[in-house]
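J.: Just to be clear, the model below is a prediction. Sequence and coordinates:
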Amino acid sequence: MAVNMAGGLRTGAHTLTNASNTHEDSHHHQLGQHPLLAGLTDAMPLRTFSPDQLECVAAEIRDVLCNLLAARTAHFASNLGVVELCLALHCEFDFRSDRLIWDTGHQIYPHKLVTGRYHDFPSIRTAGGLMGYPNPNESVYDLFMTGHAGASVSTAVGLRSGDVVGGQPDRRTVAVIGDGAFPSGMVFEALNNAGELGEDLTIVLNDNKMSICPRVGAVASYLDRLRSNPFYSGLKSEVTKLLDRVPMFGDPAERLLAQMKEGVKAGLLGGMLFEELGIRYVGPIDGHDIALVRKYLLMARETPGPVLLHVVTEKGHGYKPAAEDPVYFHTPPAFKDKAGKLVTQKSDGHPPFTLHARDAVRKAMSADPKVTIITAAMCQGNKLEPVREKFPDRFFDVGICESHAVAFAAGQCKTGLRPIVDIYSTFLQRSYDQIFQEVALQDLPVTFLLDRAGLTGPDGPTHHGLFDIGYMRVFPNLVCMAPGYASELEMMLNTALAHDHSCSIRYPKASAIELEHTPAPIEIGKCEVIREGSDGTIVAFGAMLEQAIAAAEMLEGDLDVGVINARFVKPIDEGMVRETLSGGKFVVTVEEGARMGGFGSAFIESAVQQRLDTRSIRVLALPDEFIDHGERNDLLHQHGLSPQAIAQTCRDEVPSGVR
């Protein structure tokens, strides 16, 4: 197997698997293509592989990844970049007993392929199949279900401490963290603790100059200086030759000599930021040279105390289009490859809420020079590139530092600016204390855009944004709303920016419908009546309005059901609650979020406060459990939130003799 650097990976004359292949066809195709991967029931045989065999495994992994992307969207460039690093790690450690934490976890695919999951790999990111992130339920090689950035060093320090306390000091612990996640505040809290404890620990800094978008910040500049040091660009080969003469399996004096040379090198490079914290800095080294990475991993393993190994990789390595455009190829749509020419498969649906949010932000910033936009390393995910280009002085990407983003916005508010914090629902959770202390408690008018609020499909439980209704509506001075259709998002953003208190606007990773009606003006705490009904009412919060309308239409001729676009969960429209419960009519509340503390709970709380009869209320929401990965519509149906399921709930609320 050879790499065609002009385009894709090839096996003989065959290019990537056609996107129309079924999972089963793709599976059988891979069995013949990848004999080394197919023979791995776990990672242990890698330790006996020759250098040539390891290179063949690397090529097989890249071919599997490209074939996967021909079938469905998946994390791509990040996985291509860690292939050699993954192989080196499994050659030098036995992670059935040693500890390995992959920070963020979206680069887990090579790890899964070499730890006995090759035969199940075609199922990845599909319902009932492998998760696209580490999953302890799949393998002993996965310790944490990681999906958020920055926690790996902390959990690794805890694992090492636990093994020492538990009398198993010989177990080794490794954390692999990317340079995009590295500036997270939690990482430096962990480094501070690791340096004080002084326990053996290997931290692999996977430096590819990227998070999802190009990394930002002073730490990124510091890493750039380390990479551009003459050692890495010129002297590296000389020092490597010197190290080659130092036996790594010799007596303690020889190992000490090697460690001393690494200490000298760290002083020449810089690296003293880590050295002063009590963490030995080693590198930077070429992360695509398996033999070299193995040598340095062994050195780190044999060095007492915490060691940070700086590994330089290329995101998208081995597939030219991904290496040249790693932002697009972070999670690209499924494609067919024809000698490097990509044919993307585009959705025929309505534009997603994210694009409507982007356009609304751009209009607001054009209209008011005091409006700013803040994101946390998610410029691409939030589709904010045009905003960044048009308003570079009012666009702020703070990196994967959500807590800082919110406190930063609070500081801007105090100067008279009107900041918009645009962060995924699941990631905004990381700034909970700052939402409380720096924003709500100070009663500052920060506007929060909560993208991906709801089910995120194949990304699964680490990324589903199910909890923001409950965690945002508890704070005084904070308005919580959600648009039911496309044009409503801009209306809500304008309302938030004109409001004197903080506001949150949630919307899912889904297409936004547009209704053929004249939208009612947005008024804080007031709903919008879409249709009247004499038998009962479906009250939808946010994007579930589409399913509610479809359910009501299905019931025509059977039941006369009204539909209300709730718009607000806080303050909730108490008059609407009172009116819908009058006359003994049933009420079904519908939301794409957790049942506990959600919109339905707020509806019932209002009814109880008004001393209304709550027996006719049915709450449709997601259950008190972590939801697996799968297609959004399938998950909605599975949990009673499809139009058919909502309609059936309405039927169940009316006695058969009354219909």
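T.: Structure received.
J.: where's the nearest residue to Arg358 once chain neighbours are set aside relative to Arg611, distance?
T.: Leaving aside its chain neighbours, Arg358 sits nearest to Lys383 (4.5 Å; criterion: CB to CB, 6 or more residues apart in numbering). In this view, the C-beta of every residue, glycine as well, is placed from N, C-alpha and C. Using CB to CB, to the nearest Å, Lys383 is found at 46 Å from Arg611.
J.: So for those two, which residue has more residues nearby?
T.: Lys383 (20 against 7; other CB atoms under 10 Å).
J.: got the contact list for that one?
T.: For Lys383, the contacting residues are Thr354, Leu355, Ala357, Arg358, by CB atoms under 8 Å, 6 or more residues apart in numbering.
J.: got it, and Phe391?
T.: Taking CB under 8 Å, 6+ apart, we find Phe391 in contact with Met365, Ile373.
J.: Just the pLDDT at the closest residue to Tyr109 other than its chain neighbours, thanks.
T.: In space, and not counting its chain neighbours, Tyr109 is closest to Asn79: 4.2 Å by CB to CB, 6+ apart. Asn79 carries a pLDDT value of 85.
J.: Make sure I have this right: Ala175 is in a helix.
T.: No. Secondary structure of Ala175 (DSSP: H, G, I helix; E, B strand; the rest coil): strand, not part of a helix.
J.: okay, now the closest residue to Gly457 other than its chain neighbours: neighbour count?
T.: The spatial neighbour of Gly457 that comes closest, neighbours along the chain excluded (CB to CB, 6+ apart), is Arg632 at 4.7 Å. If you count neighbours by other CB under 10 Å, Arg632 ends up with 18.
J.: what's next to the helix or strand harbouring Gly470, contact-wise?
T.: Per DSSP states H and E, Gly470 falls inside helix 468-472. Residues external to helix 468-472 that are found in contact with it (CB under 8 Å, 6+ apart): 425, 428-429, 432, 435, 448, 450, 453, 478, 480, 504, 506, 541, 569-570, 591, 593-594, 596-599, 601-602.
J.: how close does Ala357 sit to Phe541?
T.: From Ala357 to Phe541 the distance is 17 Å (CB to CB).
J.: Can you show me the helices along the stretch 151-300 of the chain?
T.: All helices of the stretch 151-300 of the chain, identified by DSSP state H, counting those that start in this stretch, fall at 152-165, 185-197, 218-228, 230, 236-244, 252-269, 272-275, 290-302.
J.: Quick check: chain neighbours aside, which residue is closest to Leu51?
T.: Actually, residue 51 is Pro. It isn't Leu. Ala291 (6.1 Å).
J.: Tell me how many other residues surround Leu441.
T.: 13.
J.: any idea how far Pro476 is from it?
T.: Taken as CB to CB, the span from Leu441 to Pro476 is 8 Å.
J.: repeat for Arg632
T.: 33 Å.
J.: ditto for Gly584
T.: Taking CB to CB, one finds Gly584 at 35 Å from Pro476.
J.: How about Val204?
T.: 44 Å.
J.: do Asn565 as well
T.: For Asn565, the distance to Pro476 - CB to CB - is 25 Å.
J.: Which one's more surrounded, the two?
T.: The residue with more neighbours, out of Asn565 and Pro476, is Asn565; 24 against 10, by other CB under 10 Å.
J.: in what helix or strand does Pro419 lie?
T.: Here Pro419 is assigned to strand 418-424, by DSSP H and E.
J.: Would you mind pulling up the elements that that strand packs against?
T.: helix 353-367, strand 371-375, helix 402-414, strand 447-451, helix 486-498 (3 or more CB pairs under 8 Å, 6 or more residues apart in numbering; DSSP states H and E).
J.: Provide the strand pairings for the fourth one, with the direction of each partner.
T.: Partner strands for strand 447-451, per DSSP bridges, with pairing direction: strand 418-424 (parallel), strand 502-506 (parallel).
J.: what angle do the last one and helix 353-367 make?
T.: Comparing the axes of strand 502-506 and helix 353-367 via axes from the mean of the first three to the mean of the last three CA atoms, to 10 degrees yields an angle of 150 degrees.
J.: orientation of strand 502-506 relative to helix 402-414 in degrees?
T.: Using the same axes, to 10 degrees: strand 502-506 against helix 402-414 is 130 degrees.
J.: Tell me the helix or strand right after strand 502-506.
T.: strand 528-531.
J.: So what's the model's average confidence on that following strand?
T.: For strand 528-531, the mean confidence score works out to 96.
J.: what does stretch 101-109 give?
T.: 88.
J.: ends of it, how far apart?
T.: The straight-line separation of the ends of stretch 101-109 (CA to CA, to the nearest Å) is 14 Å.
J.: how about the helices in the stretch 501-650 of the chain?
T.: 545-554, 574-580, 599-609, 632-638, 643-652.
J.: Name the nearest residue to Glu592, ignoring sequence neighbours.
T.: Gly454 (3.8 Å).
J.: Help me confirm that the residue nearest to Pro51 comes into contact with Phe49.
T.: No. Contact between Ala291 and Phe49 fails when scored by CB atoms under 8 Å: they sit 11.8 Å apart.
J.: before we move on, back to that, residue contacts, the residue nearest to Gly457?
T.: Arg632 neighbours (CB under 8 Å, 6+ apart): Gly454, Leu455, Thr456, Gly457, Pro508, Lys509, Ala510.
J.: pLDDT wise, what is it at?
T.: Looking at Arg632, its pLDDT is 91.
J.: Distance check, it against Leu37.
T.: In terms of CB to CB, Arg632 sits 31 Å off from Leu37.
J.: next one: Tyr471
T.: According to CB to CB, Tyr471 and Leu37 sit 42 Å apart.
J.: Cys91 too?
T.: Distance of Cys91 to Leu37, given as CB to CB: 15 Å.
J.: Ile423 too?
T.: Counting by CB to CB - Ile423 and Leu37 are separated by 38 Å.
J.: Comparing the two, which shows the higher neighbour count?
T.: Neighbours per residue, other CB under 10 Å: of Ile423 and Leu37, the larger number sits with Ile423, 25 against 22.
J.: hang on, the more buried one packs against Thr447?
T.: No. Ile423 is beyond contact range of Thr447, at 11.6 Å (criterion: CB under 8 Å).
J.: Asp120 contacts Gly129, correct?
T.: Yes. Taking contacts as CB under 8 Å, Asp120 lies within contact range of Gly129: 6.9 Å.
J.: who's more crowded, these two?
T.: Neighbour count, other CB under 10 Å: between Asp120 and Gly129, Gly129 has more, with 17 against 13.
J.: Grab the nearest non-local neighbour of Thr495.
T.: Nearest to Thr495 is Ile522, by CB to CB, 6+ apart, at 4.5 Å.
J.: What backbone torsions are found at that neighbour?
T.: Dihedral angles of Ile522 (phi, psi; degrees, to the nearest 10) stand at phi -80, psi 130.
J.: and the residue lying closest to Pro45 once chain neighbours are set aside, how far is that from Val561?
T.: Nearest non-adjacent residue to Pro45, counting by CB to CB, 6+ apart: Gly39, 7.4 Å away. For Gly39, the distance to Val561 equals 59 Å [CB to CB].
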